Every structure is written in C-alpha cells, then in structure tokens.
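Q: whatever this is, show me its structure:
(one chain, ligands or ions: 1)
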Amino acid sequence: MTQANGNSSRNGATASPGRVLVLTPLLRGSSDGGRTPAARLAEAVGLALAINLTVAHAEVVRLSRYTPATLIGSGAVETFKALVEAEAVDLAFIDAPLSPVQQRNLERAWKCKVIDRTGLILEIFGERARTREGQLQVELAALTYQRSRLVRSWTHLERQRGGFGFLGGPGESQLEIDRRLIGERIVRIKRDLGDVARTRGLHRKARQRVPYPVVALVGYTNAGKSTLFNRLTRAQVLAQDVLFATLDPTMRLVRLPSGREMILSDTVGFISDLPTDLVAAFRATLEEVLAADLILHVRDVAHPETAVQREDVHAVLRDLGLGDAIEHTMLEVLNKIDLLDPATHEQLRRQAGRDARVVPISAATGEGCDELLQAIDRRLAATREVLDVRLRHRDASIIAWLYEHGEVLGRRDDTDYSYLRVSLDPADVSRFQRLRSDAERPDRH
Ligand code: GTP
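A: Numbers count the residues shown, from 1 in each chain. From the prediction side, this is the model:
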C-alpha cells in the first residue's frame, strides 16, 4: 500500500472498514476480454485490500441473467445472507455496477453495508488523490455518482447515505442529502477546478525549477510500486533540502550510484475496467507524470494478465499526452521475479541483457534493485547536456560543484581561467547558471 496519506481521514471512512465479502457476478457465457473469472476475482480482492479491508470470503457468482431487484438471484441472496452472518461481514463489495435500489435491497437482506465497483474505487482515489486537482476531481466524481443515485431513486429512498465515504457513517446516514446542496457543491467544485487549472501551469513552472530530475513510478495497483518506493528510499538518509519540506510524502530525494540525485515520485495505481465516470478523476491524479524526466513502469510479471496491463498503461499514458515519447521516457521494471519459475526468470534476465529499457527486479527481496538504480542513472545521463565553460580560478567552489554534480569531460587552465567541458543534467544546467551569475554579480560594480 502507499505510505501514510494525510487525506485518508478526510471522511473518517478508512478508520476501520472491517471484514468484507467480495463477490464478482459474471453472466454465464459472456466473454470478458479474455480475462478469466479467477483473474477478475483476484483483482476485486486486490481492490478491497487497497483500502485495508480484511477479506472474509471471495467468490465468483455465476448468473444466467441479472435480477432487477438484487442483481444476483434470490437463491444466491439467501446463501450469502447466511455467510454474512457466519463470517461477521461488515461490508459486501459487489464488483459490478449496482443500481441504488439493488444496493438498498441487498443491504436490507444482508443487514450490512453494500458497495459497488464505482463506490469502492472512489474510496481508493479519495485516499490517494494528492494534488488539489486530483482531490477536486475525485470529489466531483463522488458527488456526481451520488447525485445520479438520488435522481434515480428519489421516490424510493427515505434516507440517503451521507458524506463521500461510502463506507463511512453509521449505516445509512441519518443525514438526508438534498439534491440542491449536491448541485451547489458541484458548481463550486467546477469553479475551483477552473482556478486550479489556471494555477497549474505556474506550479509546473515552479516544479521545473526544482533542481533535480523527477522520476515517477506508475503501474497497476498491486504491481509493487510502494514496495519499490520504500526500498529505494529507505536506505537513504539524505539531508532534506528545504525545498522538500513542501513536497508530499510520496516524493523523496534519492541519490543514485553516480552521486546524482533524483526525486522519486509514487502515483495512484491503474485499475482494470475503470468505470468511465472515474476516468477524469484518475487522470487528474496522474497529471504529475507528465512533468517527469523518466517514468518507471512497474509491472507485476507474475500476474497472469501482465501483458494486457502493460498495454493499458501505455494507452493511458499516450492519451494523457505522452505520445511517442513513451519509449524514450520510460523504463520498464519487471517486478516480482522472485515468484517466477527459474526458466521464466532466466528468460527475463536474457531479455534485459538485450534491451536496456527493461530491468527485472524483486522489490520484495531487493534482487535487481542496484541494477535498476544504475539503469536510472544511465537514462538520466543520456539526457545530459554538454557545456563548455570558462571560470576564474577564484571560483573554485563552482568548479568543485561541477565535479560533484556533472561529469567533467575535459579541462585546461591558463593563468586566469579554467576551461571545462562538462556534461550536466538539464536541471543542473540551470542551477549552474544561477551559481555563476551569483558569483559574477559583485563584478558589475
Ligand atoms: P497500490 O498501492 O495499490 O497502487 O499497489 P502498489 O503497486 O503500490 O503495490 P504494493 O507495493 O502495495 O504491493 C502489492 C503487494 O505485492 C504487496 O503484498 C507486496 O508485498 C507485494 N509485492 C511487491 N513487490 C513484490 C515482489 O517483488 N515480490 C513479491 N513476491 N511480492 C511483492
């Protein structure tokens, strides 16, 4: 799971959501893009685990047709009623879209909270949204979801659930949410989103002035992004630059083997079959990735759907505006190799030997992590600029800085000056220029 997130207490919903029954309803004979029922169920369980629920029971429910009142048939409703009681289930997660009436009927039958796929994903995004824009987009999606339920079920429901935490609150909230209030809140959020979009450009500019390359982790939920983030940052006790006091905990300064430093940034995980209403919210949480110097695509290579997931990630990043730059800005991290059989393991190692864009690792055991850091170093070095600079001997501290941060490719000295050819990260080029202009300032007088 991603590290502690200050937003999770926003609605108190994540304090202790409890024991969950996970059901994946599937129509008999329907195909699901080649995904097996077992894979669908495993993903549903993964979603539940993403917000720290304890899975009491998980099952694929095969249906010959959808039942309007409860989605699943009355026999299945009865069977699970017994299970909910026996297993002390607090929450049932139905991995499908539920109508408000179906949700209410199931809650009545089982005497526990019921949540559908959109509701659960909204909970995950609510916990993970970091930027102001991400938070607003998630709230907007949550309100729109809730309002659509109000409209459709207005005449049926005496009471509505409260807040945005669909898991939160004591059962059906006592608080009746009025459509007008939701509408007003939506208008306000849309206005705030407009403001955020206007200031976003400014923030990006500020970020570009951060004098370190930014490396972003992306990948499917459960691929191991947070495990890797923690492994790469744990060993490092860097004096945090004052700049970083304002950055959030999903960003850390990491020193690479060459001595170069980078900011490592974690992002929200991809989810397969993302409900379309949630696409905008998801993308807003990924905005940061666009400004990254390098993207680490973390893949769970032990996952049966790993190839499909890879294509999804590429498609979304392309749509986000990365276009053909993907190949140049991405390093593929083949995670969980400890789970592979020796033959597949060896095959991946050979592939990595041929292709510098892939690095097999195990974030859990640490295998391959040194090689990954070296690969990141090389990739960042490839974007370096080569400068020819002339510095006075008395600017020894700047010369020392160049040796520390760049690679000095050649040097010649005469009585007054040192002439250096040096390769630097783009971020360091602007740092260097600032250092030099500061040093020159007194000469103007
Ligand atoms: P989200 O936070 O949901 O986006 O997921 P994530 O991509 O951050 O994955 P996370 O780091 O939470 O890891 C998911 C699960 O995979 C955890 O149970 C980890 O312990 C496990 N895991 C991560 N890396 C490895 C690995 O290299 N090998 C094995 N065997 N398990 C791993």
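Q: Val101 touches Ala69, doesn't it?
A: Yes - using CB atoms under 8 Å, Val101 is in contact with Ala69, at 7.0 Å. Yep, even glycine has a C-beta here, placed from its N, CA and C like the rest.
Q: tell me the contacts of Phe432?
A: 387, 389, 398, 401-402, 405-406, 424 (CB atoms under 8 Å, 6 or more residues apart in numbering).
Q: quick one, helices of the stretch 151-300 of the chain?
A: Taking DSSP state H, counting those that start in this stretch, the helices of the stretch 151-300 of the chain run over residues 179-208, 225-234, 279-286.
Q: avg pLDDT for the shortest one?
A: This points to helix 279-286. Confidence over helix 279-286 (mean pLDDT, whole number) is 80.
Q: then stretch 70-90?
A: 95.
Q: who's in contact with that stretch?
A: 17-21, 23, 25, 56-57, 61, 63, 67, 92, 94, 96, 98, 102, 105-106, 109-113.
Q: where does pLDDT dip in this structure?
A: 1-17, 31-34, 130, 148-178, 197-211, 235-249, 324-325, 441-445 (pLDDT under 70).
Q: tell me the contacts of the residue nearest the centre of it?
A: Per CA atoms, centre = their mean, the C-alpha nearest to the average position across the chain is that of Val268, at 1.5 Å. By CB under 8 Å, 6+ apart, the residues touching Val268 are 2, 124-125, 128-129, 134, 282, 285-286.
Q: circling back: filter the contacts of Phe432 down to the ones near the ligand?
A: With CB under 6 Å from any ligand atom as the criterion, the subset of the contacts of Phe432 in contact with the ligand is empty.
Q: and which of those is nearest to the ligand?
A: The closest of the contacts of Phe432 to the ligand turns out to be His405 (CB to the nearest ligand atom; 31.0 Å).
Q: how far away is that closest one from Arg436?
A: Remark: distance between His405 and Arg436 (CB to CB, to the nearest Å) = 13 Å.
Q: compare these two (neighbour count), which wins?
A: Between His405 and Arg436, counted using other CB atoms under 10 Å, His405 has the larger neighbour count: 19 against 16.
Q: from what I see, that one and Leu424 are in contact.
A: Yes - His405 is in contact with Leu424 according to CB under 8 Å; the separation is 6.7 Å.
Q: close enough to count as contact, Arg436 and Ser397?
A: No - applying CB under 8 Å as the test, Arg436 and Ser397 come out as separate, 11.1 Å apart.
Q: and the chain, what are its domains?
A: What automatic domain parsing lists as the domains of the chain is 19-117, 126-192, 212-381, 385-440.
Q: contact residues of this protein facing the ligand?
A: 1-2, 50, 219, 221-227, 269, 335-336, 338-339, 362-364.
Q: now with 5 Å, please.
A: 1-2, 50, 221-227, 269, 335-336, 338-339, 362-364 (CB under 5 Å from any ligand atom).
Q: from the residues you listed, which ones fall inside strands?
A: Asn335 (DSSP state E).
Q: if any of the residues of the chain next to the ligand are buried, put those into a PyMOL selection.
A: Buried members of these, defined by 16 or more other CB atoms under 10 Å, are picked up in PyMOL with:
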select buried, resi 1+2+50+221+222+223+224+225+226+227+269+335+336+362+363
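Q: which residue does the stretch 251-400 of the chain have closest to the ligand?
A: Using CB to the nearest ligand atom, the single residue of the stretch 251-400 of the chain nearest to the ligand is Gly269, 2.7 Å away.
Q: look up phi and psi at that residue.
A: Backbone geometry at Gly269, expressed as degrees, to the nearest 10, gives phi -80, psi 150.
Q: got a list of what the residue nearest to it when sequence neighbours are not counted touches?
A: Counting by CB to CB, 6 or more residues apart in numbering, Thr221 is the residue found nearest to Gly269 once chain neighbours are left out, at 3.0 Å. Thr221 makes contact with 46-47, 50, 124, 269-271, according to CB under 8 Å, 6+ apart.
Q: same thing but at 10 Å, please
A: Under the criterion of CB atoms under 10 Å, 6 or more residues apart in numbering, the contact partners of Thr221 comprise 1-2, 43, 46-47, 49-50, 121, 124, 128, 268-272, 300, 309.
Q: check Ala141 too.
A: 118, 121-122, 125-126, 164, 189, 275, 277-282, 284.
Q: generate a ChimeraX selection restricted to the buried subset of these.
A: Entered in ChimeraX, the line below selects the buried ones among the contacts of Ala141, by 16+ other CB under 10 Å:
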select :118,121,122,125,126,164,189,275,277,278,281,282,284
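Q: out of the contacts of Ala141, which is nearest to Arg354?
A: Comparing the contacts of Ala141 against Arg354 with CB to CB places Phe282 closest, at 33.7 Å.
Q: that closest one touches Val218, doesn't it?
A: No - using CB atoms under 10 Å, Phe282 makes no contact with Val218, being 11.6 Å away.
Q: mutual contacts of those two, please.
A: Common neighbours of Phe282 and Val218 (CB under 10 Å, 6+ apart) are 268-270, 316.
Q: from the contacts of stretch 70-90, which land in helices?
A: 102, 105-106, 109-110 (DSSP state H).
Q: and the buried ones among those, selectable in ChimeraX?
A: Of these, the buried ones go into a single ChimeraX selection, burial set by 16+ other CB under 10 Å:
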select :102,105,106,109,110
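Q: can the ones in helices among the contacts of stretch 70-90 go into TSV with extra columns for distance to Leu143?
A: Converted to TSV, those look like this (distance: CB to CB, whole Å):
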residue	distance to Leu143
Gln102	21
Asn105	24
Leu106	23
Ala109	28
Trp110	27
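Q: show me which pair in the ones in helices among the contacts of stretch 70-90 is furthest apart.
A: Between any two of the ones in helices among the contacts of stretch 70-90 (CB to CB), the greatest distance is 12.1 Å, for Gln102 and Trp110.
Q: now for the residue of the chain positioned farthest from its centre: which residues touch it?
A: Using CA atoms, centre = their mean, the residue of the chain lying farthest from its centre is Thr415. It sits 54.7 Å away. Counting by CB under 10 Å, 6+ apart, Thr415 touches His393.
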